[in-house]
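>>> Give the three-dimensional model of this entry:
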Amino acid sequence: MTVPATASAPYTPQFQVEPRLQLGRSEPLAEGVKRVALDELERAAEGFFEPEENFHSAVRSARDSIERVRALLQAVKGELGPEAFAYEDRFLSRTSSMLDEVREAAAVTDAAMLVRQLYGEFLAEGTFEETVAGLRRRRDIVTLKTMEDPHLVGQVVANLEKAHSRYRTWPTDPDVDYGVRIRDDYEAIAPGLGATYEEGRRYMVAAYRGAGDGFGEWRARVRTLRHQLEFLMPLWPEVLVGLVYTLDTLGLFLGEDRDHSDLLDLLRVRPDLCPNPRERSLLFAVVTQRRTELKVASEILGRRVFAEQPDSFTHRFGEYWGARAQALTAGLETLSVH
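This next block holds a predicted model:
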């Protein structure tokens, strides 16, 4: 019984990189970082003012936006300085973690539903229905508790607004320095970009050697690199769109693996969610099979993405940055041949 992890069944994303998330063609680095960060913080907060039925979407959107802002801050870490970066990164991480419980409840439910969908043709009718129903009830209880918490969502929104107020004061003139200064130069972003790539490569190796929480750490770096390269897409769109898409897919595989791991951990603590011992054993078996397939697919994609030495990767993007600067100096709107 095999369902390839690379099949289109679990993932049918309409992949695109929104222009608003990219550095503008002639936009200085400081302006681009500030613009995207402020826009993402605004979107993260606005979602919680939508109708209640959109709450899960608001949580997912807020966490994605916070993750994207953290990735940009990581890219310009050297420009912010260690203390400012550490403070902002911790602040955003804590804000995102306030939504962990409701995210986890929805994610493990989706994981069980996905397994049932993927392996449905091999299963007897009604298999895992009771488990999915129990997970849905648990998700709804956690969601209602979170929504009715008089402080939690309000604190998340307040934190997002505080961060927005701080970033709004950042100067976009690269010659202005009052503690936060982001030069319009590749050297401003090279150390952060290179560190993300190097750590992603290192944690990939650690993951497959079974060291610590290698897969969790690797997934975090994959997601960070995906957002950083999304921002840098205009350096060479024809090439980077493929790399960003691969990182996006890799992140989805690693995220699904994490959700399946959380599902199994939950069922070990709450076997009542799958009360039939035989069905529970079957669920563990198919989830374990799925995780094996995901890890194989992730290794294949990971070896492609992280094939270079970190110094080579950083140098290559420096050449892309230089080519962009040359094109701007020459007044070329496009390098396409017609």
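
>>> Nearest the geometric middle of the protein, what residue?
Closest residue to the average C-alpha location of the chain: residue 223 at 4.0 Å, with C-alpha atoms, centre = their mean.

>>> Residue 288: helix or strand, and which one exactly?
Residue 288 is part of helix 277-305, with elements assigned from DSSP states H and E.

>>> how far is the following helix or strand past that helix from where the chain is centred?
Downstream of helix 277-305, the first helix or strand assigned by DSSP H and E is helix 310-330. The chain centre lies 25 Å from the centre of helix 310-330; the measure is C-alpha atoms, centre = their mean, to the nearest Å.

>>> Name the residues of helix 310-330 that are buried.
For helix 310-330, the buried set under the neighbour-count rule, 16 or more other C-beta atoms under 10 Å, comprises 310, 313, 314, 317, 318, 320, 321, 324, 327. Where C-beta positions appear, they are placed from N, C-alpha and C, glycine not excepted.

>>> same deal with stretch 269-278?
Using 16+ other C-beta under 10 Å as the test for burial, stretch 269-278 gives 273, 274.

>>> could I get it in CSV with only the CA atoms?
C-alpha atoms of stretch 269-278 as CSV (Å, rounded to 0.1, in the frame of the first residue of the first chain):
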residue,chain,number,x,y,z
VAL,A,269,-2.1,10.5,25.5
ARG,A,270,-5.8,10.5,24.4
PRO,A,271,-6.5,6.9,23.1
ASP,A,272,-10.2,7.7,23.7
LEU,A,273,-10.1,9.7,20.5
CYS,A,274,-9.6,6.4,18.7
PRO,A,275,-11.2,3.9,21.1
ASN,A,276,-11.1,0.9,18.9
PRO,A,277,-7.7,-0.7,19.5
ARG,A,278,-7.5,-2.4,16.1
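
>>> How far does it sit from its chain's centre?
In terms of C-alpha atoms, centre = their mean, the centre of stretch 269-278 is set 31 Å apart from its chain centre.

>>> Where does pLDDT dip in the stretch 51-200 of the chain?
Applying pLDDT under 70 to the stretch 51-200 of the chain flags residues 176-179.

>>> all helices for it, in order.
For the stretch 51-200 of the chain, the helices defined by DSSP state H, counting those that start in this stretch cover 55-75, 77-80, 82-97, 100-118, 129-148, 152-168, 190-208.

>>> Of all the ones you listed, which one comes closest to residue 229?
Closest to residue 229 of the helices of the stretch 51-200 of the chain is helix 190-208 (C-beta to C-beta; 8.4 Å).

>>> so what secondary structure elements neighbour whatever helix or strand comes next after the closest one?
Counting by DSSP H and E, the next helix or strand C-terminal to helix 190-208 is helix 214-231. On a contact count with 3 or more C-beta pairs under 8 Å, 6 or more residues apart in numbering; DSSP states H and E, helix 214-231 meets helix 29-46, helix 55-75, helix 190-208, helix 237-269, helix 277-305.

>>> Of those, which is nearest residue 163?
The closest of the helices and strands packed on helix 214-231 to residue 163 is helix 29-46. By C-beta to C-beta, the value is 5.7 Å.

>>> list the buried ones in that closest one?
Residues of helix 29-46 classed as buried: 29-41, 43-45 (neighbour count, 16+ other C-beta under 10 Å).

>>> What lies in contact with it?
If you take C-beta atoms under 8 Å, 6 or more residues apart in numbering as the criterion, helix 29-46 is touched by 20-24, 27, 61-62, 65-66, 68-69, 72-73, 75-76, 157, 160-161, 163-164, 167-168, 170-174, 181-185, 188-189, 231.

>>> Need the buried ones from these selected in PyMOL.
PyMOL command restricting the contacts of helix 29-46 to the buried ones, with burial defined by 16+ other C-beta under 10 Å:
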select buried, resi 21+22+23+61+62+65+66+68+69+72+73+75+76+157+160+163+164+167+170+172+174+181+182+183+184+188+189+231
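
>>> helices and strands around the helix holding residue 288, which ones?
Applying 3+ C-beta pairs under 8 Å, 6+ apart, we find helix 277-305 packed against helix 100-118, helix 129-148, helix 190-208, helix 214-231, helix 237-269.

>>> in the first one, what's buried?
By neighbour count, and taking 16+ other C-beta under 10 Å as the criterion, the buried residues in helix 100-118 are 102-112, 114-116, 118.
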